[in-house]
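Asker: Structure of the sequence below:
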Amino acid sequence: LISGGKLATTALVLGLPLFDAIVVIISRLLRGQKPWQADKSHLHHRLLRLGLTPSRTTLLVLLMSAIAGATALILQTAVGKSVALLTIGAVFAVIVFVSIFLDKRRA
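Answerer: Modelled structure (predicted):
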């Protein structure tokens, strides 16, 4: 796991859950909450509040994870996987921040 390719593969496969957890922890800390205190700020809760059905929310999250996992399997080099990780991370970030923005507009 320490070599570049394996680290990038691990980051791609676990990218969405890790990114979601990091965003939630930071947002809780910024609101003055304890990081382990439960709330509805995870990505799937935000997608549900935006009007997606539970089935569509599940499919969207699974699709994003599958794309990241398939990318990890397809790409061979650590550099390629790192570029893919940054690209997919940017896409995840846009999805999260758009959902936060739309969620605040609805409130």
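Asker: Per-residue pLDDT of the residue nearest the centre of the chain, please?
Answerer: Nearest to the geometric centre of the chain sits Leu16, at 3.1 Å (CA atoms, centre = their mean). The per-residue pLDDT reported for Leu16 equals 82.
Asker: how near is it to Ser82?
Answerer: Per CB to CB, to the nearest Å, Leu16 is found 17 Å from Ser82. In this view, the C-beta of every residue, glycine as well, is placed from N, C-alpha and C.
Asker: ok, back up a step: quick one: the residue nearest to the centre of the chain and Met64 touch, right?
Answerer: Yes. Contact criterion CB atoms under 8 Å: Leu16 and Met64 qualify, at 5.4 Å.
Asker: which residues do those two both contact?
Answerer: Phe92 (CB atoms under 8 Å, 6 or more residues apart in numbering).
Asker: What does Ser41 show for phi and psi?
Answerer: Backbone torsions of Ser41, given as degrees, to the nearest 10, read phi -100, psi 0.
Asker: Tell me how many other residues crowd it.
Answerer: 17 (other CB atoms under 10 Å).
Asker: That one - nearest residue in space that isn't next to it in sequence?
Answerer: Val24 (5.1 Å; CB to CB, 6 or more residues apart in numbering).
Asker: cool, Leu29 as well?
Answerer: Pro35 (6.1 Å).
Asker: My read is that that neighbour contacts Ser27, right?
Answerer: No. With contacts counted by CB under 8 Å, Pro35 stays clear of Ser27, the gap being 9.6 Å.
Asker: can you give me the strands for this structure?
Answerer: For the chain, no strands are identified by DSSP state E.
Asker: Low-confidence stretches in it?
Answerer: By pLDDT under 70, the low-scoring segments of the chain are 1-5, 106-107.
Asker: repeat that for 50
Answerer: Scanning the chain for pLDDT under 50 picks out the ranges 1-2.
Asker: Just the buried residues of the lengthiest helix in it, please?
Answerer: Criterion DSSP state H: the longest helix present in the chain is helix 78-106. Residues Lys81, Ser82, Ala84, Leu85, Ile88, Gly89, Phe92, Ile95, Val96, Ser99, Asp103 are the ones in helix 78-106 that count as buried (16 or more other CB atoms under 10 Å).
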